[in-house]
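1. any chance you could fold what I've pasted below:
(one chain, ligands or ions: 1)
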Amino acid sequence: MSTFLGIPGLRKTQPAHDPNILPGTAPIPDEPLRWGQDFPHAAREALKNEQMRRNLGHATATIRAKRAQVVGEAPDWEDLRDTGSQLKINTLAALPALLEQFETNFTARGGTVHWARDAQEANEIVTALIKATGETEVVKVKSMATQEIGLNEYLAEHDIAAYETDLAELIVQLGEDMPSHILVPAIHRNRAEIKDIFLRRMEHTPEGMTDAPRELAMAAREHLRKKFLAAKVAISGANFAAADTGTLTVVESEGNGRMCLTLPETLITVMGIEKIIPSFTDLEVFMQLLPRSSTGERMNPYTSLWTGVTPGDGPQNVHIVLVDAGRTKALADDVGRAALKCIRCSACLNVCPVYERVGGHAYGSVYPGPIGAILTPQLTGSTGHSDPNNSLPFASSLCGACFDACPVKIDIPSLLVHLRARVVDEDKAAHRPTGWGAAMSAASYVMADSKRFALAEKGTGALRALAGKKGYVAKLPFPANGWTQSRDLPAPPKETFRQWWDRTHPQDSDPATQNNGDNNE
Ligand code: SF4
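-> Purely as a prediction, here's the structure:
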């Protein structure tokens, strides 16, 4: 087992291999928020998939360019970000009251509110609601919340087939894969791979279909149209829920969501409790922030809003399942709660240099990228030192690009550091020796005494020799090899600060430590 310094040393498992499954496929896990290997091992595996890296590099660069253009056009962008951030802070501060207000208003307009403490309860509620209709098939609008609770798999176990209708979700579902991006779940697939999946797994695919985007879209349209027209029950997520009116909002680009939200008789929405906003008018802010940050569009193509039941128009049997599943625990953490401000735009993924190279599956959660690294460990909590989710807060270079891009100003780097400290504190509390702890103790011993520090500085000559003409050390010997597993060590300078000081300020130098300009050669 190899251990990165600073990252918990964790179990190593091999990914399942099936020749019938496309490379880069993540098998459907038992736990949608905790699957596979710890991040360092999963990332190393992912980096071997050059096709996935090319697909991701191309897709994220395109979205970044579009976003930069439309954000640059908005003269009040920073004001919008400030307002969105403050609205979310206010929401979290008053969440219990706002949820109750939403329940009152949604119920008054003919909807039914259900409360779920965890994924199991949410799945049971949805299943019971579908069973009560006598249906065995449902259509679905893209929903991170239902991914998070593993709803499709739970329904399948209870003889209910759930059909994803968002094109990217459909690709993921047909490929028996897991999403690798919040907004574009099949971002790791290119057109040739999508054609392959459709030909293998989708009914009514035309013979001789090529990988031209229009042909792929028309094949999916043909397939989905039949599902829309037959479905009596639909399941959706929600982007926002206005407490003062009881209005739900779904934002999407294809119009497939609109079909699900309007045609079936029964509509069941599954939503995390943090999606509440205080007022309907707050949508004015979020509907400017979200499309620009997610798809790089000024305005969203399809925005559906509904408030309970409208007699004779649309679904007449309307439910919402409000899911906690770790959110109130996150809320109780004064620092960590900021992750609940997230509006799932995915801008932080698209700018993250780590995500762009390793892809979403390496995070082992339906929430990948920077937001996943701070949200997932908080939603699941830690099962102890060998929990793969403990490695997620370390899956970052802390460059800060995610913070700059976030439309609601979540300071992701600070949250990552906060969660790293939590992992280290857990180990400390358990008196568990770690490479990081040993390195810090050694550094503390050396730095506590100026003579010891001066002596240690003399050892840097050996490092310079090891670095040679390259100017860096790629592999340190044991036990320091953990440091160079994930980074190169630059060669130390010939002259240390102390040596420079002694040389240039001989009158002020400390006789106890001065070395008369020796540069350790
Ligand atoms: S953390 Fe910010 S940038 Fe990332 S998905 Fe959430 S709202 Fe978007």
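
2. low-confidence bits of this protein, can you list those?
-> Scanning the chain for pLDDT under 70 picks out 1-20, 510-521.

3. how does it look with 50?
-> Within the chain, the segments meeting pLDDT under 50 span 1-16, 515-521.

4. what segments of it are strands?
-> Counting by DSSP state E, the chain has strands at residues 112-116, 137-140, 161-164, 233-236, 240-242, 247-252, 266-272, 276-277, 302-307, 317-323, 472-473, 489-490.

5. comparing those, which comes out most buried?
-> The highest average neighbour count among these, using mean count of other CB atoms under 10 Å, belongs to strand 233-236 at a mean of 27. C-betas here are computed from N, CA, C, even on glycine.

6. could I get the strands of the chain as TSV with distance to the ligand?
-> Shown next, in TSV, are the strands of the chain (distance: least, CB to the nearest ligand atom, whole Å):
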stretch	distance to the ligand
strand 112-116	22
strand 137-140	21
strand 161-164	21
strand 233-236	19
strand 240-242	13
strand 247-252	13
strand 266-272	12
strand 276-277	13
strand 302-307	18
strand 317-323	18
strand 472-473	33
strand 489-490	32
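
7. Gly175 is nearest to which of the ones you listed?
-> Smallest distance to Gly175 across the strands of the chain (CB to CB): 11.1 Å, for strand 161-164.

8. looking at the strands of the chain, which is nearest to Gly336?
-> Closest among the strands of the chain, once you apply CB to CB, is strand 266-272, at 15.1 Å.

9. quick revisit: may I see the strands of the chain organised as CSV, with distance to Gly208 added?
-> Output for these, formatted as CSV (distance: least, CB to CB, whole Å):
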stretch, distance to Gly208
strand 112-116, 47
strand 137-140, 28
strand 161-164, 25
strand 233-236, 33
strand 240-242, 43
strand 247-252, 30
strand 266-272, 38
strand 276-277, 48
strand 302-307, 31
strand 317-323, 42
strand 472-473, 54
strand 489-490, 56
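
10. and the ones you listed: which comes nearest Thr376?
-> Thr376 lies closest to strand 266-272 among the strands of the chain, at 13.1 Å (CB to CB).

11. what's that closest one in contact with?
-> Outside strand 266-272, the residues within contact range by CB atoms under 8 Å, 6 or more residues apart in numbering are 122, 126, 129-130, 133, 135, 143, 145-146, 148-149, 151, 232-238, 241, 248, 260-261, 306, 314-323, 325, 327.

12. who does it pair up with?
-> Take DSSP bridges as the rule and strand 266-272 pairs in its sheet with strand 233-236 (parallel), strand 317-323 (parallel).

13. got the angle between it and strand 112-116?
-> Counting by axes from the mean of the first three to the mean of the last three CA atoms, to 10 degrees, strand 266-272 lies at 40 degrees to strand 112-116.

14. the biggest helix by length in the chain near the ligand anywhere?
-> As assigned by DSSP state H, the longest helix anywhere in the chain is helix 50-73. No. Using CB under 6 Å from any ligand atom, helix 50-73 stays clear of the ligand, coming no nearer than 10.3 Å.

15. roughly how far is that helix from the heart of the chain?
-> Centroid separation between helix 50-73 and its chain, computed with CA atoms, centre = their mean, to the nearest Å, is 17 Å.

16. now swap in stretch 439-456 and tell me
-> Its chain's average C-alpha position is 39 Å from that of stretch 439-456, according to CA atoms, centre = their mean.

17. buried stuff in it?
-> For stretch 439-456, burial by neighbour count (16 or more other CB atoms under 10 Å) applies to 439, 454.

18. near the ligand, which residues of this protein show up?
-> Contact residues, the chain versus the ligand (CB under 6 Å from any ligand atom): 293, 342-348, 371, 405-408, 410.

19. closest one of those to Glu215?
-> Ser346 (27.0 Å).

20. what sits against that closest one?
-> Counted by CB under 8 Å, 6+ apart, Ser346 has contacts 181-184, 293-294, 369, 371.

21. phi, psi for it please.
-> The phi/psi pair for Ser346 (degrees, to the nearest 10) reads phi 80, psi 10.

22. before we move on, the earlier item: among the contacts of Ser346, which one is most surrounded by other residues?
-> Taking other CB atoms under 10 Å as the neighbour criterion, Gly369 ranks highest of those with 31 neighbours.

23. I'd say Thr380 and Trp35 touch.
-> No. Look at Thr380 against Trp35 with CB atoms under 8 Å: they stay out of range, at 11.1 Å.

24. which residues touch the closest residue to Gly257 other than its chain neighbours?
-> Closest residue to Gly257 apart from its sequence neighbours, by CB to CB, 6 or more residues apart in numbering: Val141 at 4.2 Å. Contact analysis of Val141 by CB under 8 Å, 6+ apart lists 165-166, 234-237, 250, 252, 256-257, 260-261.

25. Thr383: how many residues sit nearby?
-> 11.

26. and the strands paired with strand 266-272 as JSON lines, adding distance to Lys469?
-> Output for these, formatted as JSON lines (distance: least, CB to CB, whole Å):
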{"stretch": "strand 233-236", "distance to Lys469": "61"}
{"stretch": "strand 317-323", "distance to Lys469": "58"}
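
27. need the contact list for Phe403.
-> Contacts for Phe403 (CB under 8 Å, 6+ apart) come out as 409-413.

28. in helices, which of the residues you listed fall?
-> Under the assignment DSSP H, the contacts of Phe403 contribute 412-413 to helices.

29. if we take the contacts of Phe403, which one ends up nearest to Trp436?
-> Comparing those against Trp436 with CB to CB places Pro413 closest, at 18.8 Å.

30. what ranges do the helices span in the stretch 201-350 of the chain?
-> In the stretch 201-350 of the chain, helices defined by DSSP state H, counting those that start in this stretch lie at 213-230, 256-262, 283-294, 327-331, 347-351, listed in chain order.

31. can you put these in CSV and add distance to Gly111?
-> What follows is the helices of the stretch 201-350 of the chain, written out as CSV (distance: least, CB to CB, whole Å):
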stretch, distance to Gly111
helix 213-230, 22
helix 256-262, 13
helix 283-294, 18
helix 327-331, 21
helix 347-351, 31
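
32. buried deepest among the ones you listed, which one?
-> Mean neighbour count (mean count of other CB under 10 Å) peaks for helix 347-351 among the helices of the stretch 201-350 of the chain, with a mean of 28.

33. what separation is there between Asp449 and Ala456?
-> 10 Å (CB to CB, to the nearest Å).

34. how about Val417?
-> 26 Å.

35. equivalent analysis for Gly326, please.
-> Shown here: Gly326 relative to Ala456, a distance of 44 Å by CB to CB.

36. tell me which residues of stretch 425-442 are tucked away?
-> 426-427, 434-436, 439.

37. in the residues you listed, find the pair that's most separated.
-> Greatest spatial distance in the buried residues of stretch 425-442: Glu426 and Ala439, 17.6 Å, computed using CB to CB.

38. CA atoms only: put stretch 400-412 into CSV for me.
-> Output in CSV follows, covering the C-alpha atoms of stretch 400-412 (Å, rounded to 0.1, in the frame of the first residue of the first chain):
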residue,chain,number,x,y,z
GLY,A,400,-8.7,28.7,-6.2
ALA,A,401,-10.1,28.5,-9.7
CYS,A,402,-13.3,26.9,-8.3
PHE,A,403,-13.9,29.8,-5.9
ASP,A,404,-13.4,32.4,-8.7
ALA,A,405,-16.0,30.6,-10.9
CYS,A,406,-18.6,29.8,-8.3
PRO,A,407,-21.7,31.9,-8.9
VAL,A,408,-22.7,31.8,-5.2
LYS,A,409,-19.1,32.4,-4.0
ILE,A,410,-18.5,29.2,-2.1
ASP,A,411,-14.9,29.4,-0.8
ILE,A,412,-14.2,25.8,-1.8
